[in-house]
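[1] following is a predicted model, sequence given first.
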Amino acid sequence: MKFFIDTANLAQIQEAHDLGVLDGVTTNPSLMAKEGIKGEAAIIKHYEDICEIVDGDVSAEVLSTDFKSIIEEGKKLAAIHPNIVVKVPMIKDGVKAIKWFTDNGIRTNCTLVFSAGQAILAAKAGAAYVSPFIGRIDDTNWDGVELIAQIAQIYSLQGYKTEILAASIRSALHIVKCAEVGADVCTCPLDSILGLLKHPLTDIGLAKFLEDAKKM
Ligand code: G3P
């Protein structure tokens, strides 16, 4: 399973990259706004900066919702760097646009996916990635990880090539569960990635080793 970081914060992207386990980055309009990125020039520059840090796929989301504008915006985003993947929402014009991008050699990430039916449509349109938001599903008292398992089963049975990119990750446990049920990628906040490091017995064991090392 690949690890992407779900942020537009350059310091966090750099920290995850320095850990040596980072395969890519996902952003969305909320994450870009959080970093104060405003206007076309600043958006392009920010994606360039991210692509400088990480040698892997970087999802850049379109802000348009009609077919023609999604295509125009997506073409501009894809021209920034070969690693840019155009992130398109799961709406009718979005699906049409994903098919157009696929036919024209531009890779896409279909976002805001909350059901297996939506995931099937994304795969049929040729999306490189599908992004089910598991944390937000958990928030509604359904099991987000179960959706990942269901999509994984369908894609495997049907031979769909779209990669399952588990998004809206809220914890290290989410990452483990997604790996267990066959997600291809997990896009995570830095805290969840670092959460994988933690175990109290590791801390207790290390303290004991360091104490005993003084007697060596
Ligand atoms: O990038 C989309 C997704 O990961 C958003 O996560 O925490 O806002 O539900 P969250």
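    That came in fine, so what should we check first?

[2] got the CA positions of stretch 209-216 in PDB?
    Below are the C-alpha coordinates for stretch 209-216, written out as PDB (Å, rounded to 0.1, in the frame of the first residue of the first chain):
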ATOM      1  CA  PHE A 209      17.900  -1.100  27.000                       C
ATOM      2  CA  LEU A 210      19.400   2.400  27.400                       C
ATOM      3  CA  GLU A 211      19.500   2.000  31.200                       C
ATOM      4  CA  ASP A 212      21.200  -1.400  30.800                       C
ATOM      5  CA  ALA A 213      23.600   0.000  28.200                       C
ATOM      6  CA  LYS A 214      25.100   2.100  31.000                       C
ATOM      7  CA  LYS A 215      26.300  -1.200  32.600                       C
ATOM      8  CA  MET A 216      28.000  -2.300  29.400                       C
END
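
[3] buried ones in that stretch, by neighbour count?
    Across stretch 209-216, burial judged by 16 or more other CB atoms under 10 Å covers no residue at all. For every residue, glycine as well, the C-beta is placed using N, CA and C.

[4] just stretch 111-131 next, same as before
    111-114, 116, 118-123, 125-131.

[5] what residues does this protein put near the ligand?
    Contact residues (CB under 6 Å from any ligand atom) of the chain with the ligand: 6, 26, 28, 133, 135-136, 167-168, 187.

[6] possible to save these as TSV with neighbour count and distance to residue 212?
    Converted to TSV, the residues of the chain next to the ligand look like this (neighbours: other CB atoms under 10 Å; distance: CB to CB, whole Å):
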residue	neighbour count	distance to residue 212
6	23	40
26	26	44
28	21	48
133	18	47
135	16	42
136	15	47
167	29	44
168	22	44
187	28	41
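
[7] so which of these are in helices?
    135-136 (DSSP state H).

[8] pull the most distant pair out of the residues of the chain next to the ligand.
    The two members of those with the most space between them (CB to CB) are 26 and 136, at 14.4 Å.

[9] can you give me the helices for the protein?
    All helices of the chain, identified by DSSP H, fall at 10-19, 29-34, 40-53, 67-78, 92-103, 116-125, 134-139, 144-158, 172-181, 190-195, 200-213.

[10] to residue 60, which of these lies closest?
    With CB to CB as the criterion, residue 60 lies closest to helix 67-78 of these, at 4.5 Å.

[11] and the contacts of the closest one?
    For helix 67-78, contacts defined as CB atoms under 8 Å, 6 or more residues apart in numbering pick out 44, 47, 60, 62-64, 84, 86, 88, 93-94, 96-97, 100-101, 106-108.

[12] stretch 112-127 now?
    Stretch 112-127 has contacts (CB under 8 Å, 6+ apart) with 88-90, 95-96, 98-99, 101-103, 108-110, 130-133, 136-137, 147, 150-151, 154-155, 158, 160-162, 164.

[13] at 7 Å instead, please
    Contact with stretch 112-127 is made by 89-90, 95, 98-99, 102, 108-110, 130-133, 137, 147, 150-151, 154-155, 160, 162, as judged by CB atoms under 7 Å, 6 or more residues apart in numbering.

[14] and the gap between the residue nearest the centre of the chain and residue 16?
    The residue lying closest to the centre of the chain (CA atoms, centre = their mean) is residue 187, at 3.7 Å. Separation of residue 187 from residue 16 (CB to CB, to the nearest Å) stands at 11 Å.

[15] fine, thanks again, bye for now.
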